Structures are given as structure tokens and as C-alpha cells.
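Asks: Got a predicted structure plus its sequence, pasted below:
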Amino acid sequence: MNQRPERNCPDCETPSDSTILDALGSPVSRRGFLKTVGGTAAAMGTAQLLPGVLPAHAAPSAKSSAETAVKALYDTFSDQQAAMICLPFDHKLRHRINANWKISKVTIGSDFYSNDQQDLITQIVKGITSEDGYDRLSRQMKADGGGIGRYSMVIFGEPGTDKFQWELTGRHLTLRADGNSAPGAAFGGPIVYGHSPEDPAKNLFYYQTKQVNEVFKALDAKQAKVALLEDSPSEDEVELQGKKGKFPGLAVADLSSDQKELVADTLKVLLGIYREEDVKEVMSILKKGGGLDSLHMSYYADGDLKGDKIWDVWRIEGPSFVWHFRGDPHVHAYINIGLKA
């Protein structure tokens, strides 16, 4: 695979005073642990990714194209390869999320993988994305990390059973495929995307910011005052709160029918980079979690890059849904969608 030197990312560096070493010897920020009730899952490291989730009906399966490629890849591994990049399903690394880390020290473009195995990894990525999504994420990986060859992957559990997950991580990207091994967790768990071009307004996901700001422009003055907040939360604060949660910003339930329709269209735009099966699962989870009316939209004044009141940091959140987008100074987006009992 063609590679170019990986660029440093000062805004993504793991602070030295908050670093732990994972089981493979790679540094991972303590901030990368997903919070759970009481923090016990983060402390134990082996708890379920989303405790108490409920099943959703529409979801990928072990027979979906990406998962089929995961099984095909797994079946090609030598004992030496499996020992390096295959881990138990409940391994603590599956519960971590960060905008810039490698889940394995073995990179996809290294000679550790054969050409055929690298092709299968590419097929997995194609399988979990739309045509547009694959194009965007391929360009993002090339621009930010030097190409998919600079990223790393791990398989948890055993593909072909009811407990497995393939996960890719690297600079500004986390992707998963699990055939619904984590029921009620869209995408198999929290995911990340991002981009850091020299001009932030030219990032590959600026179209999403423009679409979300179309909702803001449709608000009246009273609604806009509720939606626009001063200080944004930490980008990785994406714990699902459930129906008893408190959410920032403006409740979609308080919008007019036309405004709600614009929100629905906006969700379609945001989800457009992912495969149809995952999108259907997201919408099923959203419906079970209270529907569109359960969501809140917030925009943050501390993230206005050009002073143009196109809010570059925004968040959509509800009981079963968190989409946090930080466009300042470049894009980090954290997504966590799932059902809590």
C-alpha cells in the first residue's frame, strides 16, 4: 500500500500525565475510557461496552458483507498473526475510544499482512461505509495518517460466532464491524472520525457543519438563544444517559413541524457516510429511545473559527444518541448511539 510519513497532530497528542499502557504496549489516554455508571466498567476493563443495552431489530448480521470479509480475513491468519492481533471479545481495548491511537502496534501496510489480507481489510472498510463514505474516509486516512496502511486493526472474539468485533483505529478514525454482537449498540459501539486540513473550512466534513447550521438558521430568536451555549463539553464525553438524562441545548420536541423535518434531513446527511444496515439500526435505536423529539441540539460560541456565526462545534444528544462534532481547530467527531435499560 502506498504510504507517506505520518504527520504529528499536536491537538491529538496524549498528555504524558494521563497516559496508561494498553495490553499491546501502546499509550492510551485515560480520557479514552468510556464512562459508565459509577465508573466501574472503566476500572474493571472487562465490563460490557454498553451495560444494560436493549436489542434493536434492524442491524448488520454475521452474513453482512463486511462481517463476511472479517471472517474470511480471520480464516487466513497464521498462528503467529492470530497471537498478535486477535483478542478475547471482552478485552479492555474494545472499551476505549480516542481520536488518535493505534489499537495494535502492527500497521495494516506492514509486511505482517499479505497483499490478499490487506485487500480483505479494504473490503471490510468498504462494507461498513457508503460509496461516498468510503471515498471520504479514504481521503481522510491518506491526508491525516498517510493512508490506511498507517492504521491498525484487531479482531475481538471469533468471527462466525455470536461474539466478535473487528476494529480499526488510527489518526482521526475508529471503525467497527461486529454483526450485531453488541445488541442495541449502533456501529458496534462508539466510533470516531475527523480531518485536519490546513484550512479548517475545507475539511472533508464541513458539509455536515453547514447542514447542522441550516437548522440553527431556521430557529427564531428565542429558540436560538436556548440552542447557543458558551462553553462546549469535552469532545469524548459521549456516555449515553438514558431517559433520565439531562441534555444541553434546544429540545427538538419544541420545534415546529417544518423545523423537525429539517432535523430529520440533517440526521440523514450525517449518517450518509455509513452503510445502510448501520443507518437502519441507528434509526431503530433512536425510535426506541424516544424518537426525534427526544433529541436536543446545541451549538457552542467557543468554536466559531472565523467569527462568521457558522458554529463549528455542535452536539446532538438524547437518551440513546450522542453526536459531538468539534470543528475547532480541526475536526474530531465522537458518536455513541445505543439503548440503555
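Replies: Arrived safely.

Asks: low pLDDT regions in the stretch 1-150 of the chain?
Replies: For the stretch 1-150 of the chain, the stretches with pLDDT under 70 are 1-11, 13-57.

Asks: ditto for the stretch 201-341 of the chain
Replies: The stretch 201-341 of the chain contains residues with pLDDT under 70 at 341.

Asks: what ranges do the strands span in it?
Replies: Counting by DSSP state E, counting those that start in this stretch, one finds strands in the stretch 201-341 of the chain at the ranges 228-229, 250-251, 296-300, 313-318, 321-326, 331-337.

Asks: Nearest approach to residue 83 belongs to which of those strands?
Replies: Across the strands of the stretch 201-341 of the chain, the minimum distance to residue 83, taken as C-beta to C-beta, is reached by strand 331-337, at 31.0 Å. The way it works is simple: take the backbone N, C-alpha and C, and place the C-beta from them, glycine included.

Asks: ok, and what's touching the closest one?
Replies: Where contact means C-beta atoms under 8 Å, 6 or more residues apart in numbering, the residues beyond strand 331-337 that reach it are 12, 34, 97, 99, 172, 185-187, 189-196, 200, 203-205, 235-236, 238-240, 282, 285-286, 320-326.

Asks: again, only using 7 Å
Replies: Counting by C-beta atoms under 7 Å, 6 or more residues apart in numbering, the neighbours of strand 331-337 from elsewhere in the structure are 97, 99, 172, 186, 190-195, 203, 205, 235-236, 238, 240, 282, 285, 320-326.

Asks: ok so, going back, with residue 153 as the reference, name the closest of the strands of the stretch 201-341 of the chain.
Replies: Checking the strands of the stretch 201-341 of the chain against residue 153 by C-beta to C-beta gives strand 331-337 as the closest, at 19.0 Å.

Asks: can you state the direction angle for the closest one and strand 313-318?
Replies: 0 degrees (axes from the mean of the first three to the mean of the last three C-alpha atoms, to 10 degrees).

Asks: measure stretch 77-97 end to end?
Replies: Counting by C-alpha to C-alpha, to the nearest Å, the length from the leading to the trailing residue of stretch 77-97 is 26 Å.

Asks: Please apply the same query to stretch 176-184.
Replies: End-to-end distance of stretch 176-184 (C-alpha to C-alpha): 14 Å.

Asks: Give me the mean pLDDT for it.
Replies: The predicted model assigns stretch 176-184 a mean pLDDT of 94.

Asks: now it, how far from the centre of its chain.
Replies: 14 Å (C-alpha atoms, centre = their mean, to the nearest Å).
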